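S.K.: here's a sequence, model it:
(one chain, ligands or ions: 1)
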Amino acid sequence: MKQLKSSHSKTFHYDNAEERLNHIKEMEQDGWTCSGQVKEFTGNLYFKDEVEDESKYYYVGRFYKEERWLLMAEFCKDCFKELFIDDYTDDQLVISDDLDICEGCAKFKQVVIKIIE
Ligand SMILES: [Zn+2]
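M.R.: As a prediction, this is how the structure comes out:
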């Protein structure tokens, strides 16, 4: 068995717009993508006074991140970059701690084990 892909999501509520924007910056640096939804209604839609009540709306941040594992061969970073040229940045490539045989240059090297998209 080999896991091929894993998806993660996180949702946050904020006190104000500024807190939300700062947190989005932080999350994006960590590889998360924000959905773009700004506010979320937490009251009951059937009660008009709740719909009109500003305190029932929260600033929201919905984030998702997908990680894809390599399917077949294992390559060191140099060979990987030659094969996939500039498709991925260093930040997106997770490198193994252990040495493995690179299927490109056939040397014992640390190999790319995961791509973060
Ligand atoms: Zn190699």
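
S.K.: buried residues in stretch 10-19, which are they?
M.R.: Neighbour counts over stretch 10-19 (16 or more other Cβ atoms under 10 Å) mark Tyr14 as buried. Every C-beta, even on glycine, is put in place using the N, C-alpha and C of the backbone.

S.K.: who's in contact with that stretch?
M.R.: Stretch 10-19 has contacts (Cβ atoms under 8 Å, 6 or more residues apart in numbering) with 20, 23, 27, 32, 38, 40, 58-64.

S.K.: neighbour-wise, give me the winner out of those residues.
M.R.: Gly61 (23 neighbours; other Cβ atoms under 10 Å).

S.K.: pairing partners for His8 in the sheet, please.
M.R.: Lys65 (DSSP bridges).

S.K.: what does stretch 89-103 rub up against?
M.R.: 31, 73-77, 79-80, 107-117.

S.K.: with only the CA atoms kept, save the helix or strand harbouring Glu82 in PDB.
M.R.: According to DSSP states H and E, Glu82 maps onto helix 77-84. Taking C-alpha atoms only, helix 77-84 is exported to PDB below (Å, rounded to 0.1, in the frame of the first residue of the first chain):
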ATOM      1  CA  LYS A  77      16.800  17.000  -6.000                       C
ATOM      2  CA  ASP A  78      19.200  17.700  -8.900                       C
ATOM      3  CA  CYS A  79      17.800  14.900 -11.100                       C
ATOM      4  CA  PHE A  80      14.300  15.900 -10.100                       C
ATOM      5  CA  LYS A  81      14.800  19.500 -11.100                       C
ATOM      6  CA  GLU A  82      16.300  18.400 -14.500                       C
ATOM      7  CA  LEU A  83      13.200  16.200 -15.100                       C
ATOM      8  CA  PHE A  84      10.600  18.700 -14.000                       C
END
